[in-house]
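K.L.:
structure for this input, please:
(3 chains)
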Amino acid sequence: MSETSMKRHMGLRASRAISNTLIYVLLIAISIIWLIPFFCIVLQSFRVESTWQVGYVIPKQWGFDNYVNLFSTDFPRWYVNTFITAVCTALLQTVIVLCMSYTLSRFRFKMRKPLMRFMLILGMFPGMLTMIILYRVLKDLGLTQANATPGLILVYVASSGMGYYVSKGFFDTIPKSLDEAARVDGATRFQVLKKIILPLSKPIVIYTVLTAFMGPWGDFVFARYISFGASAGMNVAVGLYNWLTPDQINKNYTMFCSGGVLVAVPVTLLFLFLQKYYVEGVTGGAVKG
Amino acid sequence: MKAYSDLEFLRLNKWQKMLYKLGRFFSSIPKGVAQLFIKLWGLIKNVFLAIGREAKDIVSTFIHGDWKTKVSYLVMGFGCLARGQILRGLLFLLFEIVFIGYMILAGAYWLSMMPSLGKVGPSEVYDEIFDTYVTTYNDNSFKILLYSVLTIFFIIAFIYTWRINIRQNKIAEKILASGKKLKSAKDDLRSVVDDQFHKTLLALPLTGIIVFTVLPIFFMVLVAFTNYDGAHDGYASNLFTWVGLDNFNTMLSWSSAGGTQSYAATFGEILAWTLIWAFFATFTNYFLGMFVAMAINKKGINLKKLWRTILVMTIAIPQFISLLYVSKMFAKDGIVNGFLMGMGWIDKALPFWEDATWARITVIVVNIWIGIPYLMLIATGILMNIPADLYESARIDGANPWQQYTKITLPYMLFITGPYLLTSFTGNMNNFNVIYLLTGGAPTNPAASSASGSVGYTDLLITWLFKITTGAESKYYLASVVGILVFIVVALISLIVYNVLPSIKNEEDFQ
Amino acid sequence: MKKLLAVVLTVAMLLSLVSFAAASSLAGEYEIKVWVADKIKDLTEKQIERFNETNEDGIKFKAVVESQGEGDAATNMVNDVEAGADIYCFAQDQFARLLTAKALAKLGVKAAETVTATTDEGAVKAVTTGDGTMWAYPLSADNDFFMFYDKSVIPDEDVDSLEKLVEDCEKAGKYFSFDLKNAWYNSCFFFGAGCKSEWLTDDDGTIISVDDTYNSDKGLIAVKGMKKIVDSDAWNSTSEVSAFESNSAIVVSGIWYSKDAQKILGDNYGVADLPSYNVDGTDYHLTSYFGFKLMGVKPQEDKVKAAALHKLAQYLTGKDCSLDRFEAVGWGPANLEAQAEEAVKNDPTLKVVNEQREFSVIQSAIHGSWWDIGKVIAEEIQPIAADDVDGLKQVLQNYENKMAAVFTMSSAEKEAWTVIGMYNEADGFFFTDYSDGKETWTADLAMVKGDNGIWKTEQAWPMEAGVEFKVRQGKSWDVSYGNGGDNFKVEEAGTYYIVFDEAATTISLEKAE
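P.N.:
Numbers count the residues shown, from 1 in each chain, chains lettered A, B, ... in the order given. Predicted structure coming up:
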């Protein structure tokens, strides 16, 4: 290697080292900013002296009291409700979304485009409005208040077909020649789906399950509207949110935080293990919007 | 806007080029809008033409059909049964029986009540023996509206099935005339998983969407033409009834009672902020998320998975907990102000939530905190997909990192994520959680406080809608009007963008 | 032996019959839903149990008691009265909303008499609309606000003066937490200066009009007073006592936080009634809006269940249960006998509540929009210079405009015809109010539209000869008809429906059978 190119090489390396250091500094700063609220909430959950949010971060008294006390409230019930909702929603919603997106990606039929356009337009209508009427429909079915859990599952799952975009985008990336070869061999459409497409769709299945599973944990607006006045039918979000009324907030706020931490546990764990598939699924699909 | 030829364009300097492109974009909007209306008109025309064609076909099938076909006009499935397609025939017949039964038992009643939405409201009498007031509840406007809408849907479904039933007869006649055999029940069953497989797959999702999305939306649109609110809940307080376009007049009129701000002005203010918010919320997240993803992806950066996981952890804590906490962090006596004052950097608390401009900037900044992890995940995958040799050849040509970014990364990202940008823009317009949990709309806009639900400077249309619904007077009808207007705004924006940006239009391009 | 047995059996049967007849009125089992604040949930369960055991009517309640924040209870009731609780607690500010939604059952005549006799006078006023219709049972009489302060920062001698308190906080670099962005709290400046804000209701609980004098010279004094704290950097708009943990020295709040405040402040816990503010040399004592916690019964279709529920509500708001609650959670009773107990009288926090009550205005049914209209005043005056009188007046003018706009009518109401008139003094059923010494029309008698544009009163009214009235449209005098230009006159006494033909613009009377 000549002397000049050596110099240039070293210069490059030096500049790369500088830029990498800068990036590390930046990433560390970002990580701190992103984690501060997270850590603060975790710290609050260990704060024994219970009042609403305080001006200091480090608890004066540490302890597991909040976690222990959670179990003398209805929290376990809410947690189970939400867990059931999340699991059922994850399973059923995945089936529905995959049916929808697979069909729209693979079949060419007359109503396909109008259907997609129609759903796009439907999606522009603010869903919040339909809360009132959905409540009444569920009420007539007897699925509100104490029986809200199946009602919530029904609503989450029923309208989930509209969220087909990401997985349709994913199916679009699977070459059509695969299906056609199988069709030539005499396989029915159903067999094509079962034997060829599904095995290739692991990332998008996991992505769909994951997003469907996460949804119910944070729903406090609609779920609250459906399960009001009956602790037995509430999900964690609603139950915890109800602790924020003035007569309870000073007693229950730290417990509220510990409840939140417990809610975050399953979601975080799933994310940690399935991150790879999530990224694959979302990038295969989201880009097509 | 004057169009340049390629040669002229190349002669322009950088700024002129950019201005030119921007100008072209905006000057194409009117054309896009015009095309849009032409298309809409075409759509409406086609619908009517199609109805006309169908009607003609129905009549001609009747005239030319045999007696089996003719009976099928009254007894659905008769043709199928008579021609040996028992399964199909029975299904048609069953549907007809169910439909007629429903109409006689319930449907007719609901439809007859629809024009009035109920005649007898609740009444109350005093009972002396028990010293108590006894209430009698009578008609229920809400149920009447709901079930009459359901009935209408059912009738449409029936007409559609009836039409299929007729077409089936026509087709069957044709097949038989050509000497072929009709499909047997076994063939029908097989087609469910084969040529008609798409219908099988769509049946469940579409039923769900119709019952739990289309029907409610249809219902809520109708509510905009009633006086349904807390004082007229249709059952317990008073019946509600049709009021025509009154609510739209209220919302869209610029005049208002003595010196208060009109609804139209309030709506305009909130809409303006909603658009500003959606713009910044989308693009700050987009560019910063891309930037973070690039930083993590850069060669020579270790612990890639750790950085990503840290960012993703913020997704795991439900927003109603994390955002409430963040909201208090920025309060006047919150820890952010406490920290800044403790360090001696400021001597007066910063008005994060007290001042309109501060609050608006703060919500956008906090939204970055929420949005970047998602964007980072998406961008990571896309960036990995960019062919490495593109960068290699760019480096050989002596392009610096900035040039690589503007010439390769950005165009690639923009091309691929164009549709995503649009959906995330409209999604942000309806981003309820962030605003509701962070500020609840605060600080209050004094001028607009007479409008339902007390409007604040950070209120989006969607949070306003929520406030109207849950506000003191529960004006559902007004919320419904706002909902319809939000829909119109979002739809217009999307359609314009779709028509102006050609790359979004054609989904097959991506395959 | 057999005979004896027969006699015994017969007697037993007769006895049971007699007892059955006596109890037949209310005895039975009822499944009910009850919503109360979280704090008293367990207590209420016990109290209902005790009611089941002790009541003399044979009523047995199988109650599901759920905890509901008092604001939430009302919201949920309004959303769906049908699915709401049979008995529920709510705070005074939700009263009007619940009335509008018809989520409250009227008290029977005897029940109303009992409550009037045994309950705090203010509380009775607070649950009454119109000429004396009562809608709820007062549960506690302590819903007002006063001042918690940190004794280590605020010297005891300063607690009477707003100016001094602000100064103390500024000097110590502490916050003065006062939730003036809430209409309930900021009203104390206006009431202190002598302003009025009273909503007038009719017997059905409908709010008819408002008598509000915020926009006046007194109101100007109030906003000038409010400027003193609003302009200070020490002002922090919250009523949460946890603010003591974030650098506040004073928090204006209510009895519901007294225990929490004591816990946080420990030995430095101070409590006092609200201070006075001084404008142009005169002191004005801040005057709080005094409300009550109430217990409502949902309207029922079954009269027996309704009567039983009212019995339970009376019991739960009676002396014993009020004292239970006082002991368990420190709520100040609304029941007079309970109020007379020594322990209640000597309770230090309740003492402050009662001191503050001397400077308070009783809250009744308040139109829901008022909370939104009133809450902006503090924020609106903040940017205006303290000596900019015109600017401050404009804020009050804005307030008045918004208040006036509350009573805008829907087009149906604008088109509706009503009867307005006067009646002889005998039993004035019509709506002429002479209370101010002058004759003012306060309400219209509604008419219902029938076929062919014929409007008719909902019920027939007894009228004497010589009664006069007119009909008018949209409750305004823009369009009105009588007999030509004059009032319509009843010529012969009788019980009539009033009928108005919109097309012919003629009034006629239709005799009731």
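
K.L.:
tally of neighbours for residue 151?
P.N.:
Here I'm looking at chain A. By other C-beta atoms under 10 Å in any protein chain shown, 24 other residues sit near A:Gly151. (Each C-beta comes from the backbone N, C-alpha and C, glycine too.)

K.L.:
chain C was what I was after
P.N.:
For C:Lys151, using other C-beta under 10 Å, the count is 16.

K.L.:
now do the same contact list for it.
P.N.:
Going by C-beta atoms under 8 Å, 6 or more residues apart in numbering or on different chains, C:Lys151 touches C:Leu265, C:Asp267, C:Asn268, C:Tyr269, C:Gly270.

K.L.:
my guess is the last one is in a strand, correct?
P.N.:
It refers to C:Gly270. Yes: under DSSP: H, G, I helix; E, B strand; the rest coil, C:Gly270 sits within a strand.

K.L.:
among the contacts of C:Lys151, which one sits closest to chain A?
P.N.:
Distance to chain A across the contacts of C:Lys151 (C-beta to the nearest C-beta) is lowest for C:Leu265, with 11.1 Å.

K.L.:
is it true that the closest one touches C:Val153?
P.N.:
No: C:Leu265 is beyond contact range of C:Val153, at 10.4 Å (criterion: C-beta atoms under 8 Å).

K.L.:
circling back to that earlier point, looking at the contacts of C:Lys151, which is nearest chain B?
P.N.:
Taking C-beta to the nearest C-beta as the measure, chain B lies nearest C:Leu265 of the contacts of C:Lys151, at 15.9 Å.

K.L.:
what distance do you get for that closest one to C:Val241?
P.N.:
Counting by C-beta to C-beta, to the nearest Å, the separation of C:Leu265 from C:Val241 is 9 Å.

K.L.:
kindly report the same for A:Gly127.
P.N.:
Going from A:Gly127 to C:Val241 by C-beta to C-beta gives 38 Å.

K.L.:
contact partners for B:Gly300?
P.N.:
For B:Gly300, the residues meeting the contact criterion (C-beta under 8 Å, 6+ apart) are A:Arg16, A:Asn20.

K.L.:
now it: phi and psi?
P.N.:
Backbone torsions for B:Gly300, taken as degrees, to the nearest 10, come to phi 90, psi 0.

K.L.:
just C:Val36 next, same as before
P.N.:
C:Val36 adopts backbone torsions of phi -140, psi 170, taken as degrees, to the nearest 10.

K.L.:
I'd say it and C:Ala63 touch.
P.N.:
No: applying C-beta under 8 Å, one finds C:Val36 not in contact with C:Ala63, separated by 10.4 Å.

K.L.:
more neighbours: those two, which one.
P.N.:
Just comparing C:Val36 and C:Ala63: by other C-beta under 10 Å the higher neighbour count belongs to C:Val36, 28 against 22.

K.L.:
worst-scoring helix or strand of chain B, pLDDT-wise?
P.N.:
Lowest on mean pLDDT, DSSP states H and E among the helices and strands of chain B sits helix B:502-505, with a mean of 48.

K.L.:
who touches the residue in chain B that chain C sits nearest to in this structure?
P.N.:
Chain B approaches chain C most closely through B:Ala472 (2.2 Å), counting by C-beta to the nearest C-beta. B:Ala472 makes contact with B:Gly230, B:Gly453, C:Arg97, C:His367, C:Gly368, C:Ser369, C:Trp371, C:Asp372 under the criterion C-beta under 8 Å, 6+ apart.

K.L.:
which of those residues has the most neighbours?
P.N.:
Among the contacts of B:Ala472, B:Gly453 has the most neighbours (other C-beta under 10 Å), with 27 neighbours.

K.L.:
so which residues on the stretch 101-250 of chain B come close to chain A?
P.N.:
Residues of the stretch 101-250 of chain B found near chain A (C-beta under 8 Å from any C-beta of the partner chain) are B:142-143, B:146, B:190, B:193-195, B:197-198, B:201-202, B:204-206, B:208-209, B:211-217, B:219-220.

K.L.:
at 7 Å instead, please
P.N.:
Contacts of the stretch 101-250 of chain B with chain A, taken as C-beta under 7 Å from any C-beta of the partner chain, map to B:142, B:146, B:193-194, B:197-198, B:201-202, B:204-206, B:208-209, B:211-214, B:216-217, B:219-220.

K.L.:
where in chain B is pLDDT low?
P.N.:
Residues of chain B meeting the criterion pLDDT under 70: B:1-7, B:9-10, B:14-15, B:17-18, B:21-22, B:24-26, B:255-259, B:449-453, B:499-511.

K.L.:
re the thing from before, farthest-separated two in the contacts of C:Lys151?
P.N.:
Maximum pairwise distance in these, criterion C-beta to C-beta, is 10.0 Å, between C:Asp267 and C:Gly270.

K.L.:
neighbour count winner among these two?
P.N.:
Counted by other C-beta under 10 Å, C:Asp267 and C:Gly270 do not tie: C:Gly270 has more neighbours, with 19 against 7.

K.L.:
check contacts around that one.
P.N.:
Counting by C-beta atoms under 7 Å, 6 or more residues apart in numbering or on different chains, C:Gly270 touches C:Phe148, C:Tyr149, C:Asp150, C:Lys151, C:Ile154.

K.L.:
do the same with A:Pro126
P.N.:
Taking C-beta under 7 Å, 6+ apart, one finds B:Asn430, B:Ile462, B:Leu465, B:Gly483, B:Val486, B:Phe487 in contact with A:Pro126.

K.L.:
narrow those residues to those in strands?
P.N.:
In strands, defined here by DSSP state E, there are no members of the contacts of A:Pro126.

K.L.:
among the residues you listed, which are within reach of chain C?
P.N.:
Within those, nothing lies near chain C by C-beta under 7 Å from any C-beta.

K.L.:
show me the residues you listed that map onto helices.
P.N.:
Counting by DSSP state H, the contacts of A:Pro126 place B:Ile462, B:Leu465, B:Gly483, B:Val486, B:Phe487 in helices.

K.L.:
redo those residues as a markdown table? Include distance to C:Ala493 and neighbour count.
P.N.:
Below are the ones in helices among the contacts of A:Pro126 laid out as a markdown table (distance: C-beta to C-beta, whole Å; neighbours: other C-beta atoms under 10 Å in any protein chain shown):
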| residue | distance to C:Ala493 | neighbour count |
| --- | --- | --- |
| B:Ile462 | 61 | 24 |
| B:Leu465 | 55 | 27 |
| B:Gly483 | 55 | 27 |
| B:Val486 | 60 | 26 |
| B:Phe487 | 60 | 19 |
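
K.L.:
ok, the residues you listed vs A:Leu98, which is closest?
P.N.:
Nearest to A:Leu98 out of those is B:Phe487 (C-beta to C-beta; 28.3 Å).

K.L.:
residues in contact with the closest one?
P.N.:
A:Met124, A:Phe125, A:Pro126 are the contacts of B:Phe487 under C-beta under 7 Å, 6+ apart.

K.L.:
any part of the helix or strand containing C:Val64 near chain B?
P.N.:
For C:Val64, the host element (DSSP states H and E) is strand C:59-67. No: between strand C:59-67 and chain B, judged by C-beta under 7 Å from any C-beta, nothing touches; the nearest distance is 12.4 Å.

K.L.:
that strand close to chain A?
P.N.:
Yes: against chain A, strand C:59-67 shows contacts by C-beta under 7 Å from any C-beta at C:Glu66.

K.L.:
now do the buried residues in stretch C:379-389.
P.N.:
C:Glu379, C:Glu380, C:Ile381, C:Gln382, C:Ile384 (16 or more other C-beta atoms under 10 Å in any protein chain shown).
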